[in-house]
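> My questions concern the predicted model and sequence given below.
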Amino acid sequence: MRYLLASAVLMSLTCNSMAQGTPPQQATPANVEVHFDHPEKFRDASLDSRGYERGADAQVIKALTEHLQKLALRYLPPGQQLRIDIRDIDLAGRYEPWNSRAYDVRFMREITWPSIDLSYTLSQPGRPDQQAEERVSDKMYLSRPGRQASSDRLYAEKSMLGDWFRQRFAQRPAS
């Protein structure tokens, strides 16, 4: 019952502000731009075994862009602008074409960890821009918790980017 009452009050306030022509107050969200520099030349950014010849898949680009945008909404304070330029991608695992029973399967081995070469620029009001170039990689990707339970084909890359994003951009509490 309390839930219904709270929902009705919130809806009423929203409708009133819209009727008066003023949008409800929201904080300006953090903004991230993700660019892929020459994705047709990426080392290994395809979820298809023929991908070694054709660069990055559109679905890989879309999935990683959406993931980075979610991370920005979660970890960047409002008002900050982040531009990420991805220069190369090497997905976790490798296709083994000599293995005739698993033509479209990526074999995950300890020596086939994911890596992404990128540069970024973080802009925030009242401070100079922060810029860096990095190779983000995860040599321990096979021992990540939850890996076996995930059906996401980019689980290793998303986990790796999540760790990197938190380390670089998450606000740390004041001591």
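Yes, it's here.

> only C-alpha atoms for contact and neighbour calcs from this point on.
Will do.

> can you give me the strands for the protein?
31-36, 81-90, 94-95, 106-107, 115-123, 130-137 (DSSP state E).

> Going by mean pLDDT, which of the ones you listed comes out lowest?
Among these, strand 106-107 carries the lowest mean pLDDT, a mean of 77.

> Parallel or antiparallel, which strands does it pair with?
strand 94-95 (antiparallel) (DSSP bridges).

> where's the partner strand relative to the chain centroid, distance-wise?
23 Å (CA atoms, centre = their mean, to the nearest Å).

> Give the bridge partners for the residue nearest to Trp164 when sequence neighbours are not counted, please.
Distance criterion CA to CA, 6 or more residues apart in numbering; nearest residue to Trp164, sequence neighbours excluded, is Val136 at 7.2 Å. Beta bridges link Val136 to Ile116, judged by DSSP bridges.

> Near Val136, how many residues? Count them for me, please.
Using other CA atoms under 10 Å, Val136 has 16 other residues around it.

> Check the one 10 residues further on too.
Neighbour count of Gly146, defined by other CA under 10 Å: 8.

> quick one: it from Tyr75, how far?
22 Å (CA to CA, to the nearest Å).
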